[in-house]
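**Q** sharing a model prediction with you, sequence too.
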Amino acid sequence: MRIDVVSLFPDFVRQSAAIGVVGRAQQRELLQVETWNPRDFATDNYRTVDGRPFGGGPGMVMLIDPLRAALAAIREAAPEPVHVIYLSPQGARLTQKKVEALAGMPRIALICGRYEGVDERLIEHEVDEELSIGDYVLSGGELGAAVIIDAVGRLQEGALNDAQSAQQDSFSDGLLDCPHYTRPVHHDVWGGVPEVLLSGDHAAIRRWRRKQSLGRTWLRRPDLLTQRALDDESRALLDEFRREYTR
Ligand SMILES: NC(=O)c1ccc(NCc2ccccc2N2CCOCC2)nc1
């Protein structure tokens, strides 16, 4: 999968994508991240990329043409069609479901706005999808781009090892994760570890973990539960958790 990023701060995007699982996915050529600076496509001597807003008001707006020229170069750089995404507070909330859809695409381009954003005509004519990583304001779209690169990059076939993809499974079915423990089995300040995890009874451990995921989702994010039907076994486990919890 190829991801092209339009940003006035290409180093930030490149460096954040060069570490960890995503960096390794790039080394293995499971993922390719390229950055494009609109300033390199500005035609005036001052390499201008922003303009004063029509209608007045504070701040500046990113000009159409440097962004349009960067997108043309991106399209030119490889044959596959490009799905163009604009990161902004006005976008649809990014979810794991959306991440999985994006991860299946051959190419996406991410436009990172700075200043007060970009000229609306660029969005109308060049952007396929506007996405937000959450209901808060950032100084630029680059952190959103880094989030998408990570979430999508780690889903590329072969990016995660077996342990990591197992971890992925517990999240990807729309529930919160269960608690995790490691040594010491008894911490002198914070006590012990749930007995079942030391039992070696793998069926019971699986059951306990599923029950914890369901219970935590019910306690912390009940909205996630309304979005998915539970099978009979899960329903029974959650009822058991709820009975124990309210006792
Ligand atoms: N939630 C998100 O995904 C998110 C994304 C970007 C972003 N900022 C860059 C930006 C991009 C587009 C439009 C406006 C702006 N902003 C510029 C600075 O002023 C506020 C508006 N902020 C939050």
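**A** Now that the structure is in, tell me what you want to look at.
**Q** can you name the residues in contact with stretch 191-198?
**A** Counting by CB atoms under 8 Å, 6 or more residues apart in numbering, stretch 191-198 makes contact with 179, 181, 185-186, 204-205, 208, all of which sit outside it. C-betas here are computed from N, CA, C, even on glycine.
**Q** how far off centre is that stretch?
**A** Shown here is stretch 191-198, whose average C-alpha point lies 33 Å from the average C-alpha point of the whole chain (CA atoms, centre = their mean, to the nearest Å).
**Q** low-confidence ranges in this structure?
**A** For the chain, the stretches with pLDDT under 70 are 166-172.
**Q** and the helices in it?
**A** Listed in chain order, the helices of the chain (DSSP state H) span residues 10-16, 20-27, 64-77, 96-103, 120-126, 142-153, 162-172, 202-220, 222-226, 232-246.
**Q** quick one: the first one near the ligand?
**A** No. Using CB under 6 Å from any ligand atom, no contact is recorded between helix 10-16 and the ligand, whose separation bottoms out at 13.2 Å.
**Q** kindly report the same for the fourth one.
**A** No. Using CB under 6 Å from any ligand atom, helix 96-103 stays clear of the ligand, coming no nearer than 12.5 Å.
**Q** remind me what that helix packs against, helices and strands.
**A** Contact analysis of helix 96-103 by 3 or more CB pairs under 8 Å, 6 or more residues apart in numbering; DSSP states H and E lists strand 83-93, helix 142-153, helix 162-172 as its packing neighbours.
**Q** need the contact partners of that helix.
**A** If you take CB under 8 Å, 6+ apart as the criterion, helix 96-103 is touched by 1, 83, 85, 92, 108, 131, 148, 151-152, 155-156, 171-172, 174.
**Q** would you mind checking which of the residues you listed is nearest to the ligand?
**A** Within those, the smallest distance to the ligand is 6.9 Å, found for residue 131 (CB to the nearest ligand atom).
**Q** from residue 102, how far out is the closest one?
**A** Distance of residue 131 to residue 102, given as CB to CB, to the nearest Å: 9 Å.
**Q** what's the overlap in contacts for those two?
**A** Here residue 131 and residue 102 have 85, 148 as joint contacts, going by CB under 8 Å, 6+ apart.
**Q** if we can go back for a sec, I'd like the contacts of helix 96-103 as JSON lines, with distance to residue 219 and neighbour count appended.
**A** Rendered in JSON lines, the data for the contacts of helix 96-103 read as follows (distance: CB to CB, whole Å; neighbours: other CB atoms under 10 Å):
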{"residue": "1", "distance to residue 219": "36", "neighbour count": "21"}
{"residue": "83", "distance to residue 219": "37", "neighbour count": "16"}
{"residue": "85", "distance to residue 219": "33", "neighbour count": "25"}
{"residue": "92", "distance to residue 219": "27", "neighbour count": "10"}
{"residue": "108", "distance to residue 219": "35", "neighbour count": "21"}
{"residue": "131", "distance to residue 219": "29", "neighbour count": "23"}
{"residue": "148", "distance to residue 219": "29", "neighbour count": "24"}
{"residue": "151", "distance to residue 219": "25", "neighbour count": "19"}
{"residue": "152", "distance to residue 219": "30", "neighbour count": "25"}
{"residue": "155", "distance to residue 219": "28", "neighbour count": "22"}
{"residue": "156", "distance to residue 219": "33", "neighbour count": "19"}
{"residue": "171", "distance to residue 219": "17", "neighbour count": "12"}
{"residue": "172", "distance to residue 219": "20", "neighbour count": "14"}
{"residue": "174", "distance to residue 219": "16", "neighbour count": "15"}
